[in-house]
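Asker: Got a predicted model here, sequence first, then my questions.
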Amino acid sequence: MSEPSTVTTDPDQPAPPPAGEHIRTRRSREEQDRLAAPVRTVTMLRRLPQLLYRTLELSWRADSRGTALLLLCQLLAGVFGALALYAATGTLHALFLPGQLGTHLRRAAPSLALVAGATALRAGLAIAATGLSARIAPRINREADLALIAAGCSAELAAYDEPAYAEQWESADRGASTTPELLAAAQDVTAATVSLAAAAGVLGTLHPWLVPFLLLGSVPAGIGAVRTARIHYLAAVTTNEERVALRIYRWFLIDKSRADQVRSDQLLPFMLGKYRQVEARIAQATDRAARQAARVSLLAALGTGAGSALIWGLLLYLVAGGRISLAAAGSATFALRTATAGVQGMVGNGARLYRMGLYLDDYFRFLDEAGGHRIRRGRLVPGAPELVEVRELAHCYPGDQQEPALRGVSLTLRQGEVVALIGQNGSGKSTLLKYLAGLYLPQSGRICWDGVPVGELDAEGLWTRVARVPQEFARWPLSAAENVHLGQLTRELMAEVERAASPTGFDEIVARLRSGWQTLLAQGWLGGAELSGGGWQRAAVARALYRSARNPGLLILDEPTSDLDPRAEHRLLHALRAFAPGRITLLVTHNIANAALADRVIVLDQGRIVQSGTWQELAEQPTGLFRELLDLQRDRTVAGPGRPPEPRAATA
Ligand SMILES: Nc1ncnc2c1ncn2[C@@H]1O[C@H](COP(=O)(O)OP(=O)(O)OP(=O)(O)O)[C@@H](O)[C@H]1O
């Protein structure tokens, strides 16, 4: 026996085999056009007020009192900053005038006192503003994140089948995560604008030419900053699909539910190979962007240098020509330094804000439209349907060369009926159940509840009437009781929970847990416990029974006994029969014998209904898929050495 090998990422190890195709998304035409559109500096300038307004709005929603105080601090800091600047230029002016030093100092003293006072107040207010924004920023982030989650949950389920949706989510998520920085950038832009305005005011009083030259000189910096921001943004969004892929690979590798397989299947080196391959594409795009941005920044710096030379040249020209006094030139020098810092701050932070604004656009677009999939249905709130009719239903999942999952399916379901769906893997059973649960709206064909098309029903009202056990049910990290009631409480809470749990045997499992119904079902967390596969399935069925008992409608069970032991399965199937009155029960099962509990069996093949009738009627048919599957299940000719093979079951 060889030494047990350990998973390693040692660089001396042979390189992992070439990774194949990685997870890809598909960008919409509209999105491609938007990304390809050129951007101009004026566009950014035009967008700045809107971005500031949006930041303010977000901030107000997160913390209105803090935001009001922050605004006040900023306003006062701006006023005191301007005052300090005016006073400082006044001081300089006084010092540059001809005369005795003592006279100068006396003249300058009031301005000096004003400078000191205003500067101290401004500094105090700036500190208060920083403290406030440190308090507000995490709240904005939290609010933004919650709004994003809510928007994601308000998308139609079909969105998840669209490759572009994951990418839209990725962009929106990045937008949400930039929100804390947004406030700081907005604050810096405002502060820089106020100080620039004050400096420009001073320069304007000294000589009117100085202001336009100052603004002209800052154009290259502005253009450079906008271009650079856009280059980085494009590098980020054009690698969105790679980021989505990395997120998914990462999740698959670290998630507890697959941790055993990652180890026993020795998956790490192979998956790391894929991970690195995808990561390399991101690095390539980022490096390319960094090179482009460096070139743009160099040109902008040259332009800015030329602009500075221009304005200092103008100042010399004005002094030499006697158009302004030496004292005024001294003040202008000081104001110019402040103005240049203001311009740099405004341009730099404006570009930062603009870049974040691009992400923020993605975020807001997602909030508004949930990636174009926001649930928009009717308002009728249904009761328990007596009749559900499906007519000519067809479904084709988006993607390349997908066969239709459903083709021309028509069926009628009546209240009180138990209907079993049978079919081979991929025949469309789960897809049909999702339609019946109102999770998809018909692309082609109709589904009506008591004559009303499902699209005209209120989505939440419809789902209140649907209880499901999906094929892959959730294992919520909640208590045992919460895993059944999911926070949808009634006065008789525990009695109802226990009543729903009893037919599944979940109550027996809970009785063995240390804290009974209050036990947290999340092993690995303090006080948490883990259930067996069958234990979790019992919880999932109990959840559906609880929901259906509160609001009868459709009870949809997709292989609800696949993990159950024979005793638990037997008990549940009996209970389902007794539970049937007042609701429509749909059962998908690969165990043909279990379908016998249904009033009617429907057989699906390649998305079509190929047979329908009572279990007995279908079993008596000499040919057909049902009969074939039944015979195969009865056939026990494959046997190990301990058990002699049984004769093949008769086929007629
Ligand atoms: N989200 C999806 N996106 C794309 N194709 C899908 C998706 N879900 C299912 N399909 C495809 O639709 C077809 C029907 O799948 P469905 O899950 O409805 O079959 P099923 O009868 O429930 O299969 P099984 O018995 O294996 O559970 C299959 O070809 C499957 O590959």
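Answerer: Looks like it arrived, so ask away.

Asker: which other residues reach the helix or strand hosting L432?
Answerer: Using DSSP states H and E, L432 sits within helix 429-436. Helix 429-436 is contacted from outside by 157, 388, 390, 393, 395, 405-406, 409, 413, 421-423, 440, 442, 447, 468, 470-471, 554, 556, 558, 586, 588, 604, 607, using Cβ atoms under 8 Å, 6 or more residues apart in numbering. From N, CA and C alone the C-beta is placed, and that goes for glycine too.

Asker: wait, does it make contact with the ligand?
Answerer: Yes: using Cβ under 6 Å from any ligand atom, we find that helix 429-436 touches the ligand at 429-431.

Asker: Save these as a markdown table, and put in pLDDT, distance to L203 and neighbour count too.
Answerer: Formatted as a markdown table, those follow (pLDDT from 0 to 100; distance: Cβ to Cβ, whole Å; neighbours: other Cβ atoms under 10 Å):
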| residue | pLDDT | distance to L203 | neighbour count |
| --- | --- | --- | --- |
| K429 | 95 | 76 | 26 |
| S430 | 95 | 72 | 17 |
| T431 | 95 | 70 | 21 |
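
Asker: Closest one to L196 out of the residues you listed, please.
Answerer: Distance to L196 across the residues of helix 429-436 next to the ligand (Cβ to Cβ) is lowest for T431, with 60.6 Å.

Asker: separation between the closest one and Q443?
Answerer: Distance, T431 to Q443, by Cβ to Cβ, to the nearest Å: 12 Å.

Asker: shared neighbours, those two?
Answerer: The contact sets of T431 and Q443 overlap at H395 (Cβ under 8 Å, 6+ apart).

Asker: Get me the contact residues on the protein for the ligand.
Answerer: So far as Cβ under 6 Å from any ligand atom goes, the chain lies against the ligand at 161, 397, 399, 402, 405, 423, 425-431, 471.

Asker: out of the residues you listed, who's nearest Q261?
Answerer: After measuring the residues of the chain next to the ligand against Q261 - Cβ to Cβ - the closest member comes out as Q471, at 18.8 Å.

Asker: so what's the residue lying closest to that closest one once chain neighbours are set aside scoring on pLDDT?
Answerer: Leaving aside its chain neighbours, Q471 sits nearest to D558 (4.4 Å; criterion: Cβ to Cβ, 6 or more residues apart in numbering). For D558, the pLDDT comes out at 95.

Asker: Then E57?
Answerer: Value for E57, per-residue pLDDT: 86.

Asker: Can you get me a residue count around it?
Answerer: A count of nearby residues for E57, using other Cβ atoms under 10 Å, gives 11.

Asker: Next: A495.
Answerer: If you count neighbours by other Cβ under 10 Å, A495 ends up with 10.

Asker: got a list of contacts for the host helix or strand of it?
Answerer: Secondary structure assignment for A495, by DSSP H and E: helix 493-501. With contacts defined as Cβ under 8 Å, 6+ apart, helix 493-501 is touched by 481, 484-485, 490, 507, 510, 517, 538, 542-543, 545-546, 549-550.

Asker: Try it again at 7 Å.
Answerer: When contacts are defined by Cβ atoms under 7 Å, 6 or more residues apart in numbering, helix 493-501 is touched by residues 481, 484-485, 490, 507, 510, 517, 542, 545-546, 549.

Asker: Buried subset of those, written for PyMOL?
Answerer: Filtering the contacts of helix 493-501 down to the buried ones (16 or more other Cβ atoms under 10 Å) takes a single PyMOL command:
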select buried, resi 481+484+485+507+510+517+542+545+546+549
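
Asker: Of the contacts of helix 493-501, which one scores lowest on pLDDT?
Answerer: T490 (69).

Asker: I'd guessed R122 sits against A84; true?
Answerer: Yes: with contacts counted by Cβ atoms under 7 Å, R122 reaches A84, the gap being 6.1 Å.

Asker: Can you pull the residues that touch both of those two?
Answerer: Going by Cβ under 7 Å, 6+ apart, no residue sits against R122 while also sitting against A84.

Asker: what's the domain layout of the chain?
Answerer: Under the assignment automatic domain parsing, the domains of the chain span 47-369, 474-551.

Asker: Span of the longest one from start to end?
Answerer: Same thing as domain 47-369. Length of domain 47-369, first residue to last, Cα to Cα, to the nearest Å: 21 Å.

Asker: The shortest one now?
Answerer: Across its full length, domain 474-551 reaches 21 Å between end residues, using Cα to Cα.

Asker: now stretch 547-560
Answerer: Distance across stretch 547-560, first residue to last, is 15 Å (Cα to Cα).

Asker: Flag every buried residue along it.
Answerer: Those would be 547-549, 551-560, for stretch 547-560 by 16+ other Cβ under 10 Å.

Asker: same deal with stretch 621-636?
Answerer: For stretch 621-636, burial by neighbour count (16+ other Cβ under 10 Å) applies to 624-627, 629-631.

Asker: and it, what's its mean pLDDT?
Answerer: Confidence for stretch 621-636, expressed as mean pLDDT, is 88.

Asker: So what's the gap between it and the chain middle?
Answerer: Averaging C-alpha positions (Cα atoms, centre = their mean, to the nearest Å) puts stretch 621-636 47 Å from its chain's average.

Asker: The closest residue to the ligand within the stretch 201-350 of the chain and E242: what is the separation?
Answerer: Evaluated by Cβ to the nearest ligand atom, the stretch 201-350 of the chain has I248 as its residue closest to the ligand, separated by 14.7 Å. Using Cβ to Cβ, we find I248 at a distance of 11 Å from E242.

Asker: Between those two, which has more neighbouring residues?
Answerer: E242 (23 against 14).

Asker: check which helix or strand covers the more buried one.
Answerer: Per DSSP H and E: helix 240-254 holds E242.

Asker: and if you look at A290?
Answerer: helix 268-320.

Asker: any idea of the angle the helix or strand following that helix forms with helix 268-320?
Answerer: With elements assigned by DSSP H and E, the helix or strand that comes after helix 268-320 is helix 326-369. Angle, helix 326-369 to helix 268-320, by axes from the mean of the first three to the mean of the last three Cα atoms, to 10 degrees: 150 degrees.

Asker: list the contacts for the closest residue to the ligand within the stretch 251-400 of the chain?
Answerer: Proximity of the stretch 251-400 of the chain to the ligand (Cβ to the nearest ligand atom) peaks at Y397, 3.2 Å away. Taking Cβ under 7 Å, 6+ apart, we find Y397 in contact with 161, 405.
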